[in-house]
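>>> pasting the sequence and the predicted coordinates here, then a few questions.
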2 protein chains.
Amino acid sequence: MLDPFVQKLRGLAELTAIDAAALERIMSHPHRYAARQDLIREGDETGPMFVILDGWACRYKILPSGTRQIMAFLMPGDACDLHIKLLAKMDHGIQALTPAVVARVSQDDMHAVMQNHRSIALAMYSAQLVDEAIMRAWIVSMGRRSSIERVAHLMCELYLRGRTIGLTQDGEFAMPLSQIVLADALGMTPVHINRVLRELRLDGAMSLTRGSVTISDPHKLARIAGFDENYLHRRTRHIAEMTPQAR
Amino acid sequence: MLDPFVQKLRGLAELTAIDAAALERIMSHPHRYAARQDLIREGDETGPMFVILDGWACRYKILPSGTRQIMAFLMPGDACDLHIKLLAKMDHGIQALTPAVVARVSQDDMHAVMQNHRSIALAMYSAQLVDEAIMRAWIVSMGRRSSIERVAHLMCELYLRGRTIGLTQDGEFAMPLSQIVLADALGMTPVHINRVLRELRLDGAMSLTRGSVTISDPHKLARIAGFDENYLHRRTRHIAEMTPQAR
DNA sequence: TAAGCATATTATCTTAAATCAATTCGAACA
DNA sequence: TGTTCGAATTGATTTAAGATAATATGCTTA
C-alpha cells in the first residue's frame, strides 16, 4: 500500500526518500477500528496524534438534543491534532465511519521527526493551515450557501482531496458516506439531502450510489457550488482535471 | 496599556517577565487601521502574522452573490496565522471592524522568539488549537442550532473571550459589533437578528445596545445557548463568574 | 432463502427564517 | 440645529427546508 500520508504531505512540501522512511517508521503498528468505533471521545484525556491510513473517519459532536454535527471528514492520509497534548481534554469526538486503519503517533515521536526533518515540519504546518481553511469553507457553506450549493461544494472538496490520494478514477470517486452522514455534516436532514441529490442527478451534474460518486459534469457541479479551489492550497490547479476525459 | 496579547497567552501557559519582554519587543511599531479597512485581502500574497492590540477585526469572505460570511472575530490579544507564509495566497480577507491597532510580526521574528522561549511556543500552539476549536463550535452552531441558540452561543463565547482581556465588568461587556456584522457572522439576516435580540431582551437574558452587551441572566443565556465552555480550554471554569454579582 | 435492519426514497404538511417594505433612531457634521 | 446616512426596528408575505409518515431497497446473517 502506497502510504497515503506520505502521498499527501508530498503535495505540500518536497519530501526525500529519507523523510518518507522516517514517517513510515513512526507509523508502524497501526490499529484497526470498526465502523462507528470511536478513536477518541469528547471529554477523554487528549492522546496521541492519529493518522488515517485506510478508511474514513470524522470529527463530531452530539448536542444535548441528541442531534449530531460532523465538523470534519478525515480520509486516508489525514492527520489530526498535532500538538493536541497541550490541551487537557477533547472537546469533540473522532469516530471511524468505515472500517479503518489508523496509526497513533506519540507527541514525542512526532516532535523528534519534525526536529530532524525540516520539510516534514513544513508539510505538517501547511496541512494544518489547509485544515483550518477547510473549516472556514464549511462555515461559509453553512452560513451562506443554499442546500444544493452546499452539497455540491462538499462534493467538489472531497473529490479534490480524494484525488490526491488516488481515490478517484476519471469521474468516479470512492466515497463511502451515507446520506445520513452527509446530512450530519451539512446541517440538513437526510430527507432533504435525498431531494437535493435527486436534483443534482436530474441536472446531470453528479450522482451518488452506495460507496461511490460519479461526477458526470464537473464544471456544472463546480458552477452550482460556486467552488473556488484556492482554499485547498494545492501546488497545481485541478478543477480542469475533474473532467472525466482529461488525463 | 497592559498588553492584551501577553495577557491572553498567560491564560494558556506560564510566561516569565523575560518572555513577556521578548514578545513586546517584536510587537513595537504597531500600525493603525480605520474601521472597515482591510489588513489583508483574499488573493493577496501572504504576509506577516497580525496581532490585534486594540479594536476588533474579522476574517471574512465575499461570495459571488455579494453576501458576506464572517468566519472569525479577532479581538485584542488575538494573533492570526502563525506559519501563514507557508501558503502562497490568502483564501480570505481580514478586515478591521473598528479603528484598530495591529502589530505585524514577521515570520522570522516569530520563529526566533518561539525558538528561544519555549513557553511562548507552547502558548502559541495552544492558542491555535483553541482557535480551531472555536471554528468547530461555529460549524456546530450553524449546522444544528436555532437562530436564538446561535446568537446566545456567540454571545457566551465572546463574553468569555473578552473577559480574559478585561473587556467585561460584571455583566457589562464592551462589544462593538453591529447587528449587520452579527448577521454576517451567524449566517442570518439583520432583520432576523433584530427579532432574536428582542426575544432575548424580553426573556431577560441579555440586551445589546450600541457598543455594549448587558448579560442580565448569564445562566439563562448559557441555558438557551446550550453553552459548554470546555472548547475554550481555559485553565479555570468561568460560567459561574458570568454572573454579575459574582466576584 | 427468508428475516431483519439500516438506508434510501417519495409525498404531504408545517414552520423557521428570508424577503420585501416602511419607518424610526441616533450619531456625525455642516 | 437641522441634515444626512447608516443602523435598528417592525409588519406583511413568501419560501426553503424541516417534520412526519409511509414504503422501498438492499445488504447481512441466521
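Yep, that arrived. Residues are numbered from 1 along each chain as shown, chains lettered A, B, ... in the order given.

>>> could you use CA atoms for every contact and neighbour count after this?
Will do.

>>> could you point out which element follows the top helix by length along chain A?
Secondary structure of chain A read by DSSP state H shows that its longest helix is helix A:118-144. Following the chain from helix A:118-144 toward its C-terminal end, the next helix or strand by DSSP states H and E is helix A:147-164.

>>> what parts of chain A come near chain B?
Counting by C-alpha under 8 Å from any C-alpha of the partner chain, the residues of chain A close to chain B are A:61, A:64, A:67-71, A:83-84, A:86-88, A:91, A:122, A:125-126, A:129, A:132-133, A:135-136, A:138-140, A:142-144, A:185-188, A:226, A:230-231, A:233.

>>> surely residue A:149 is in contact with residue A:225?
Yes - checked against C-alpha atoms under 8 Å, the pair residue A:149 and residue A:225 is within contact range at 4.4 Å.

>>> okay, domains of chain A per the record?
By the record's domain assignment, chain A is partitioned as A:4-127, A:146-242 (automatic domain parsing).

>>> same list (the ones you listed) but as a markdown table, adding distance to residue B:4.
Converted to a markdown table, those look like this (distance: least, C-alpha to C-alpha, whole Å):
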| stretch | distance to residue B:4 |
| --- | --- |
| domain A:4-127 | 21 |
| domain A:146-242 | 30 |
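
>>> ok, which of those domains comes nearest residue B:77?
If you check each of the domains of chain A against residue B:77 by C-alpha to C-alpha, domain A:4-127 wins as the nearest, at 19.5 Å.

>>> does the closest one reach DNA strand C?
No - residues of domain A:4-127 contacting DNA strand C under C-alpha under 7 Å from any atom of the strand: none, with a closest distance of 9.1 Å.

>>> endpoints of that domain, how far apart?
Counting by C-alpha to C-alpha, to the nearest Å, you get 13 Å between the two ends of domain A:4-127.

>>> hmm, back to that, name the helices or strands packed onto the longest helix of chain A?
With contacts taken as 3 or more C-alpha pairs under 8 Å, 6 or more residues apart in numbering or on different chains; DSSP states H and E, helix A:118-144 sits against helix A:4-10, helix A:107-116, helix A:147-164, strand B:68-74, helix B:118-144.

>>> any part of it near DNA strand D?
No - using C-alpha under 7 Å from any atom of the strand, helix A:118-144 stays clear of DNA strand D, coming no nearer than 9.0 Å.

>>> what residues sit buried inside that helix?
Under the neighbour-count criterion of 16 or more other C-alpha atoms under 10 Å in any protein chain shown, helix A:118-144 has A:119-144 buried.

>>> so residue A:153 touches residue A:222, yeah?
Yes - under the contact definition of C-alpha under 8 Å, residue A:153 touches residue A:222, with a separation of 7.1 Å.

>>> returning to that earlier point: got JSON lines for the helices and strands packed on helix A:118-144, with distance to residue A:35 and mean pLDDT too?
As requested, these are exported to JSON lines (distance: least, C-alpha to C-alpha, whole Å; pLDDT from 0 to 100):
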{"stretch": "helix A:4-10", "distance to residue A:35": "20", "mean pLDDT": "95"}
{"stretch": "helix A:107-116", "distance to residue A:35": "26", "mean pLDDT": "96"}
{"stretch": "helix A:147-164", "distance to residue A:35": "19", "mean pLDDT": "97"}
{"stretch": "strand B:68-74", "distance to residue A:35": "32", "mean pLDDT": "98"}
{"stretch": "helix B:118-144", "distance to residue A:35": "23", "mean pLDDT": "98"}
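
>>> the ones you listed: which one's closest to residue B:9?
Judging those by C-alpha to C-alpha, what sits closest to residue B:9 is helix B:118-144, at 5.5 Å.

>>> so what's the spatially closest residue to residue A:55 that is not a sequence neighbour bridging to?
In space, residue A:55 comes closest to residue A:100 once its chain neighbours are excluded; the distance is 4.3 Å by C-alpha to C-alpha, 6 or more residues apart in numbering or on different chains. In this entry, residue A:100 is beta-bridged to residue A:33, by DSSP bridges.
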